[in-house]
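# return a 3D structure for these sequence lines:
(one chain, ligands or ions: 1)
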Amino acid sequence: MAVTTPRKLDAQTLRQDFPIFGHPIHGKPLSYLDSASSSQKPRQVLDAMRTFYETSYANVHRGVYDLAERATAGFEASREKVRALINAPSTAEVIFTRNVTQGLNLVAYAWGLDNLGPGDVAVVTELEHHANFVPWQQIAKRTGAEFRVIGIDDAGELRLDGLDAIAQAGQIKVVAANLVSNTLGTINPIDRLTAWAHEQGAIMVVDAAQAVPHRRVDVQALGCDFLGFTSHKLCGPTGAGALYGRRELLERMSPFEMGGEMIRKVSIEETTWNDLPYKFEAGTPAFVEAYGMGVAIDYITEVGIEAIEEYEHELVGLVLDRLAELPWVTVYGPPAGRRAGIVSFNVDDVHPHDVAQILDSEGVCVRASHHCTQPLMRRLGITATARASFYLYSIPEEIDRLIGGLHKVRKVFA
Ligand SMILES: Cc1ncc(COP(=O)(O)O)c(C=O)c1O
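Numbering: from 1, shown residues only. Predicted coordinates for the structure are as follows:
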């Protein structure tokens, strides 16, 4: 029997694929610790998109000439790559979107407006990014449904012991949660939440923006009804994302946006809709970006999704250990074992914007903000954090520079 050795990720070598790391910041090597916000792009993606524009560019699904067919083939090949990445049953269930925000709004509007009403409950979590919080809050208001939030404990993990109380609020129709929290890095028990949602007769909507680029995500194993992610966090270009939706639901839903491509027949009296997934892709799609996302999927698949997850796990353990040595730093969120490659922290008596600015002077990029999770900030009793996040090109030396930069912060504000 063949013995397969798990692939180990070699970040120093991968880093050479990313031209940005050849450009110093303030004369210092770039330490990019903001991949949860957006990832850097490898040459393979940049070159492939340029080649597409130079050799295969024409509008998709419209022309019968060779060039248009080539463009369409590249676009549709990318859809198959998305399908395979998340193990969706069919490409008909893979909708290209502009980003995960658009995918989540699509579900909230196209499913929520027709399926929620008085007596129904939409449930989200206290860990949600605004993209998976505000649409459900607002659609609940418009339809008269209740809006409930699953709280967290002090470690930043979901309080599943609060589910029974939430179930008393009415007929739960939708549960929306992220797989990985963009602020705390918490890995949420989506399989258990999905089981609970289905027991209630609700659908399960998963925001996998921080999960798909970093760990194996299988929509069939999760059993969820919708799952979205965004290309720019996955080594791909901006302007592209994908939404998986279960076919029976997508077929029953009305379109989200209307115009070209999503119709079958239009007359003055009536319009009928195109087949899935095109019914949900109105207008000219960002097809070069969708193609670039496919190339990025090839890239991370070649590196190995499991290898990425394991490597980021090592890095997060390392940074948590190093931060624990600084008594003037508060770290938020769960222990390394239950956390993805994201660490939010604050330095005593220093605003996170000041922390980020001083780190920037050392070439270290971290995000300082509420990270589009204001309800979570309120729960933590703070307004913002500094956040370091990692990806396949992150290296331990960047953690050294982060820690060195934090000592400088401490000195400047002493
Ligand atoms: C968990 C999560 N959801 C949604 C989003 C929104 O992503 P986009 O702006 O690409 O739609 C982000 C981006 O930070 C995120 O981290």
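
# so which residue of the stretch 301-414 of the chain comes closest to the ligand?
Cys372 (6.2 Å; C-beta to the nearest ligand atom). (Each C-beta comes from the backbone N, C-alpha and C, glycine too.)

# please identify the helix or strand for Ala242.
strand 241-245 (DSSP states H and E).

# hey, C-alpha coordinates of that strand in CSV?
Provided in CSV are the C-alpha atoms of strand 241-245 (Å, rounded to 0.1, in the frame of the first residue of the first chain):
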residue,chain,number,x,y,z
GLY,A,241,-17.2,35.7,-5.2
ALA,A,242,-19.4,32.7,-5.2
LEU,A,243,-22.6,31.6,-3.5
TYR,A,244,-23.7,27.9,-3.2
GLY,A,245,-27.4,27.4,-2.9
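
# list the contacts of the helix or strand that it is followed by.
Going down the chain from strand 241-245, the next helix or strand is helix 247-252, by DSSP H and E. Helix 247-252 is contacted from outside by 89-90, 92-93, 95, 111, 203, 225-226, 276-277, 279-280, using C-beta atoms under 8 Å, 6 or more residues apart in numbering.

# mind doing that once more with 10 Å?
Helix 247-252 is contacted by residues 88-90, 92-93, 95, 106-107, 110-111, 114-115, 203, 225-226, 243-245, 273, 275-277, 279-280 when judged by C-beta atoms under 10 Å, 6 or more residues apart in numbering.

# give me the average confidence score over that helix.
Across helix 247-252, pLDDT averages out at 98.

# which non-adjacent residue is nearest Met262?
Take Met262 and drop its neighbours on the chain: the residue closest to it by C-beta to C-beta, 6 or more residues apart in numbering is Ala282, 4.4 Å away.

# tell me the SS of the one you found?
Assigned by DSSP: H, G, I helix; E, B strand; the rest coil, the conformation of Ala282 is coil.

# let the chain start at 54 from now.
Got it, first residue is 54 now, which makes that one Ala335.

# so it touches Ala163, yeah?
No - judged on C-beta atoms under 10 Å, Ala335 makes no contact with Ala163 at a distance of 11.5 Å.

# what sits in contact with each of those two?
In contact with both Ala335 and Ala163: 308-310, using C-beta under 10 Å, 6+ apart.

# residue contacts, Gly156?
The contact partners of Gly156, by C-beta under 10 Å, 6+ apart, come to 148-150, 184-185, 258, 260-262, 279-283, 294-298, 309, 333.

# for the helix or strand harbouring it, which positions count as buried?
Take DSSP H and E as the rule and Gly156 turns out to sit in helix 153-159. Going by neighbour count (16 or more other C-beta atoms under 10 Å), the buried part of helix 153-159 is 153-159.

# partner residues bridging Ile225?
Ile225 has these beta-bridge partners by DSSP bridges: Val174.

# list the contacts of it.
Going by C-beta under 10 Å, 6+ apart, Ile225 touches 173-176, 198-199, 201, 216, 219, 249-250, 252-256.

# before we move on, what about Ser88?
263, 266-267, 286-288, 365, 394-395, 418, 420, 441-447.

# so which bits of the chain are right by the ligand?
Contact residues, the chain versus the ligand (C-beta under 6 Å from any ligand atom): 90, 152-154, 182, 184-185, 231, 235, 260, 262-263, 283, 285.

# give me the subset of the contacts of Ser88 lying in helices.
Of the contacts of Ser88, the ones assigned to helices by DSSP state H are Glu365.

# buried among the contacts of Ser88? Need that as a selection in ChimeraX.
Buried subset of those, written as a ChimeraX selection, criterion 16+ other C-beta under 10 Å:
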select :263,266,267,286,287,288,365,394,395,418,420,441,442,443,444,445,446,447
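
# before we move on, what SS does the closest residue to Leu445 other than its chain neighbours have?
Spatially, and ignoring its direct neighbours in sequence, Leu445 is nearest to Ile361 (5.0 Å; C-beta to C-beta, 6+ apart). Assigned with three-state DSSP, Ile361 falls in the helix class.

# contacts only, for Ile361.
60, 62, 64, 67, 266-269, 353-354, 394, 443-445.

# hmm, try it at 7 Å
Contacts for Ile361 (C-beta atoms under 7 Å, 6 or more residues apart in numbering) come out as 62, 267, 353, 445.

# how confident is the prediction for the first one, by pLDDT?
Okay, so that is Leu62. Reading off the model, Leu62 has pLDDT 95.

# shouldn't it be within a helix?
No - checked against three-state DSSP, Leu62 lies outside a helix; its state is coil.

# hang on, isn't it packed against Val356?
Yes - here Leu62 reaches Val356: they are 6.2 Å apart, a contact under C-beta atoms under 7 Å.

# what residues are shared contacts of these two?
With C-beta under 7 Å, 6+ apart, Leu62 and Val356 have common neighbours Leu445.

# hang on, the earlier thing: comparing Ala335 and Ala163, which shows the higher neighbour count?
Ala163 (21 against 17; other C-beta atoms under 10 Å).
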